[in-house]
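> My questions concern the predicted model and sequence given below.
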Amino acid sequence: MRPLRLAAAAAVCLSAMAVLTACNPDGTDGGDAGKTAAAPPAATGAPSSSAGAAPSESPKPEQTGASAGGGKASAVPAAAWIAPQQVPLNAALHWTAGASSAKSLGAKGQFRIEQLCHGKRSADWADAFDSLDTASLGGAAGDWQAAQSIVSFGDANKSSAAAQSAYGLLGAVKDEVKACTTTVPGAKVDITGDDSEFLAATVTLPQADGGTVQVHEYLTTSGGALAELTLHAQVAKGAHPKTAWSAPADSAVLKALATPVCTAYKDC
């Protein structure tokens, strides 16, 4: 793993009890800690200078994720992807297993919400990880589509640096979600859950053709990893997704997203 600047991110790790369980309680690292340099602080996402401009087109669903940037085969364990039946709207849309389409987008990969919001991570986090892996879970034009992304920094049980990096990256992506009202003029962001370990939000993105992209975003840390689940639908002006939105409580979705990641990487 490339060197990470973790000094200020340690403050993020120590800010919540959950993080203390991921880090060594005495503040020391495990066997691999000495091999990892300090990670960047949780930084505020740098919005692009598009305020005041006409609403820009978010990437079409079929152009986002792995299909937009190619990508190599994913090294994420198959068991780390969320179970399709745990994804909202599965009864109607029958999501597929993430492992069946998972690809690595490499060190320059973006989370789905970053693509949709035209977000830009701060320079401190531009090269924070070795690979972002993403998977399309299915969907159709004019209706909801689902995708998951995972970044792993390694085993948090062996090095507190892994957990610190995951929490720091979560903070940086959170900032991009909240800045979406700037990077996409006219966008609306409703934060429905915000904690040191997770973020849940609904986002509405106006499009230049008068349509909208509706987004339900879930982000959560799990040991030394950060996982994202995004459901979004691009619809014409005045239209609604073919399937009415319905979902369990944010906490249930976030748990379903985090549990397989920590189990697969054995760093719960």
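Sure, I can see it. Residues are numbered from 1 along each chain as shown.
> pLDDT of the host helix or strand of P260, averaged?
Assigned by DSSP states H and E, P260 falls within helix 250-265. With pLDDT averaged residue by residue, helix 250-265 scores 96.
> what's that helix in contact with?
Taking C-beta atoms under 8 Å, 6 or more residues apart in numbering as the criterion, the residues outside helix 250-265 that touch it are 76-77, 79-83, 86-88, 148, 150, 152, 155, 192-193, 198, 200, 218, 220-225, 227, 229, 247, 268. (Glycine included, C-beta is placed from N, CA and C.)
> Return the residues in contact with S246.
In this structure, S246 makes contact with P88, L89, judged by C-beta under 8 Å, 6+ apart.
> Tell me which stretches of the stretch 51-200 of the chain form strands.
72-73, 103-104, 133-139, 145-152, 188-195, 198-206 (DSSP state E, counting those that start in this stretch).
> so which of the ones you listed is the most packed in?
Most buried of the strands of the stretch 51-200 of the chain, by mean neighbour count (mean count of other C-beta atoms under 10 Å): strand 145-152, with a mean of 26.
> Pull up the pairing partners for it, direction included.
The strands that strand 145-152 pairs with in its sheet are strand 133-139 (antiparallel), strand 225-235 (antiparallel) (by DSSP bridges).
> Using CSV, please lay out those together with mean pLDDT.
CSV is the format used below for the strands paired with strand 145-152 (pLDDT from 0 to 100):
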stretch, mean pLDDT
strand 133-139, 97
strand 225-235, 98
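> will you turn those into TSV that also has distance to K72?
Supplementary listing: those in TSV, determined by distance: least, C-beta to C-beta, whole Å:
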stretch	distance to K72
strand 133-139	10
strand 225-235	19
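> Among those, which comes closest to L169?
Evaluated over the strands paired with strand 145-152, closeness to L169 peaks at strand 225-235, with 5.2 Å, by C-beta to C-beta.
> what's the spacing between D133 and A227?
For D133, the distance to A227 under the criterion C-beta to C-beta, to the nearest Å works out to 10 Å.
> quick one: low-confidence ranges for the chain?
1-71 (pLDDT under 70).
> mind running it again at 50?
1-69 (pLDDT under 50).
> Select the longest helix from it.
Selection of the longest helix in the chain by residue count, based on DSSP state H, yields helix 160-178.
> Off-centre distance for that one?
10 Å (C-alpha atoms, centre = their mean, to the nearest Å).
> what about the helices in the stretch 1-150 of the chain?
Across the stretch 1-150 of the chain, reading from the start of the chain, the helices by DSSP state H, counting those that start in this stretch fall at 9-14, 17-22, 66-69, 90-93, 112-116.
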